[in-house]
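K.L.:
Sequence first, predicted model second:
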Amino acid sequence: LEREVKVTFEPSGRSVHALPGTVLLEAAARAGFIIQTPCGGAGKCGKCLVRISAGKCLPTDNDRAVLGEARVAEGFRLACQARIQNALTVEIPESSLFQAQQQILTADTKEALEVLPRVRKVYVELPPPTQDEPASDLERLRSRLGSFGVAGIAALRALPGALRQADFKVTAAVVDNELIAIEPGDTTALCYGLAFDIGSTTLVGTLVDLRTGADLALAARVNPQTSFGDDVVSRIQKCRNEKDGLAVLQSAVLDAVNKITDEVLKKSGVDRKNIYEVVFAGNTTMQEILCGIDPSALGELPFVPAFRDSLEMRASDLRLHTHLEAKVYIFPQIGGFVGGDTVAGIIATRLDRATEPALLVDIGTNGEIVLAYEGKLLATSVAAGPAFEGARITNGMRATGGAIEKVILDGDVRLNVIGNVKPTGICGTGLIDVAAEMLRVGILDCTGRIVSAAEAPAALPPAIRARLVEQSGEINFLLVAAAESGTGGPLFLYQKEIRELQLANGAIRAGINILLRMTGLEPKDLGSVLLAGAFGNFIRRNHARRIGMLPPVPCQRIRFVGNTASFGAKRALLSTGEKEYADRVGARVRHVDLSLDPEFQMEFGAAMILPEAEPDECAE
Ligand code: FES
């Protein structure tokens, strides 16, 4: 047997034991430290930086290439590359952690909901058995409730005791005509369900009263799978390449789901045994991993999901912290990377019922785009993530504390920073803002080139001109001087990062353009553009349009619809009819695979050009 070695993490002092050969990133995750991995652990981005303060850990070639010899000599390593060989003490800088206070969008649109859940709770007072009437307990119950099946042996085991303990006054919980629980006394008021949005990055759970539709508590967490890579592709690879990869990823997400459950139960005072239904909506990879289904086929042409129709199972199949017999509903999937969260988005917004052509754009690590037109639905997904989520942007970060999330250029640079602290980096919305503002004041041209101080327009305020700094033959934009930053160093927006933004931007726009072209529509024909997702809600729509991410439709037609995956999941939780609607919609959507589309590359190239100023700008 190999001996495990102790790894201690500073500054908390928390430690874990790990087998020699374990990647430091995994050991950190086991100790509860989720380190950010924008490049998916490829050893390229340098964001998973840690320092070995005691013990020996040999540097890798990637360490040397990314960090340089001097930092390697000081003990700095990439957590995604370092393999543990002996006992270590490791410092994790705050900036490497994937912070839990990520700006998570949990508010969803408020609308009347249909409340017709599958679970029915009925209080009955039964006559006790007599010698003349010795019918069985189950028959006695059926004589009142009508015929029903029994979901599992647990409900039957509880029946005799519950009846006698409560003087034959009990409440039966019946789901789809199956008895799942029998409770002493009248508990009809205690009837709850959970709706989950399972994102690649963020998990959101809502505890809902199934009698009224009211939200009782809500909790959100960073998906712990992010410590194994930021995007779905890196997770699929883990499942393909590692024997227990799927099991590790599945238990990571289920563990977080249960922590969210515990949290909402604690906040609301609800007992877990009164949760009878759970609904999950996520992209194809997330849903399949959640269910313990190998998503490997999603990693190769022609990107086939394991199932398309909705799935049903019992809470005990997933070891959920609810009633063991609670019914679990997993949203139907569309194809490729377009999954249950997109179906949930459609039913949340009723996109399929739009009377004019309508576009739903859900921007996350993947961007999902759905076009509704004359009763038809087309959906596609594009890889939008890297720049918006902070990867390949030197000072890029997610929307967490310290991130610049709003930028205005007037006499000088004005910033909004999440958490009201000194800025440590810039998140996706900040990036869009700064690019849009730089275009507006004329220091970024339509090819995405930052102009030099000498080329900048004469009217440019001197304070902004002074921020155009030439470094190694390129012009970079100084966002925050060293003295004002939270890192102690200057925060630049580099020329090459504008290119990354153009790539992400171009992918979304190209996806939109292709769907429009397939239906013969022009942007002006769109009656509405619905922006969804954590990212969408914080985007300033005039800026998203200014940089060409969204087509030129009037800003009034662009609407934020919030976290539609969460809201759609809740709708399905509350109503059998909504579940059937989701199934019907899921079956109707046509999946458009852009990876096979020869025009995509052309559109993509064209969409990288930043548009000229438009006449109808709209202030936010
Ligand atoms: S270098 Fe380690 S995650 Fe990117």
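P.N.:
Received the coordinates, thanks.

K.L.:
Name the residues of the chain found near the ligand, please.
P.N.:
Within reach of the ligand by Cβ under 6 Å from any ligand atom, the chain has these residues: 37-39, 41-48, 78, 80. C-beta: built from backbone N, CA, C; applies to glycine.

K.L.:
Can you add pLDDT and give those back as TSV?
P.N.:
TSV is the format used below for the residues of the chain next to the ligand (pLDDT from 0 to 100):
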residue	pLDDT
Thr37	71
Pro38	67
Cys39	70
Gly41	74
Ala42	80
Gly43	88
Lys44	87
Cys45	84
Gly46	88
Lys47	85
Cys48	88
Leu78	95
Cys80	89
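
K.L.:
Out of the residues you listed, grab the one that's most surrounded.
P.N.:
Neighbour counts for those (other Cβ atoms under 10 Å) peak at Leu78, which has 31 neighbours.

K.L.:
In a strand, Val561, correct?
P.N.:
Yes - according to DSSP: H, G, I helix; E, B strand; the rest coil, Val561 belongs to a strand.

K.L.:
Start at 133, not 1
P.N.:
Yep, numbering from 133; the last one is Val693 now.

K.L.:
Surely it is in contact with Ala480?
P.N.:
Yes - the pair formed by Val693 and Ala480 meets the contact definition of Cβ atoms under 8 Å, at 7.2 Å.

K.L.:
between the two, who's got more neighbours?
P.N.:
Ala480 (30 against 22).

K.L.:
Am I right that that one falls within a helix?
P.N.:
Yes - counting by three-state DSSP, Ala480 falls inside a helix.

K.L.:
Please work out how many residues are found near Arg678.
P.N.:
There are 24 residues near Arg678, going by other Cβ under 10 Å.

K.L.:
So it is in contact with Leu571, correct?
P.N.:
Yes - with contact defined as Cβ under 8 Å, Arg678 and Leu571 form a contacting pair (6.2 Å).

K.L.:
Pull the residues that contact the helix or strand where Ser275 lies.
P.N.:
Using DSSP states H and E, Ser275 sits in helix 269-277. Residues outside helix 269-277 that contact it (Cβ atoms under 8 Å, 6 or more residues apart in numbering) are 254, 256, 258-259, 261, 267, 280, 282, 288, 291-292, 295, 300, 302, 304, 306, 311, 314.

K.L.:
These in strands, which ones?
P.N.:
Among those, the ones falling in strands (DSSP state E) are 254, 256, 282, 302, 304, 306, 311, 314.

K.L.:
coming back round to it: among the residues of the chain next to the ligand, which ones are in strands?
P.N.:
Going by DSSP E, the strands hold Leu210 from these.

K.L.:
can I get the residues of the chain next to the ligand in JSON lines with distance to Ser366?
P.N.:
Converted to JSON lines, these look like this (distance: Cβ to Cβ, whole Å):
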{"residue": "Thr169", "distance to Ser366": "8"}
{"residue": "Pro170", "distance to Ser366": "10"}
{"residue": "Cys171", "distance to Ser366": "9"}
{"residue": "Gly173", "distance to Ser366": "7"}
{"residue": "Ala174", "distance to Ser366": "8"}
{"residue": "Gly175", "distance to Ser366": "13"}
{"residue": "Lys176", "distance to Ser366": "12"}
{"residue": "Cys177", "distance to Ser366": "12"}
{"residue": "Gly178", "distance to Ser366": "17"}
{"residue": "Lys179", "distance to Ser366": "14"}
{"residue": "Cys180", "distance to Ser366": "13"}
{"residue": "Leu210", "distance to Ser366": "15"}
{"residue": "Cys212", "distance to Ser366": "10"}
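
K.L.:
Report the separation between the residue most central in space within the chain and Leu397.
P.N.:
Closest to where the C-alpha atoms of the chain average out (Cα atoms, centre = their mean) is Gly331, at 2.7 Å. Between Gly331 and Leu397 the computed distance is 22 Å (Cβ to Cβ, to the nearest Å).
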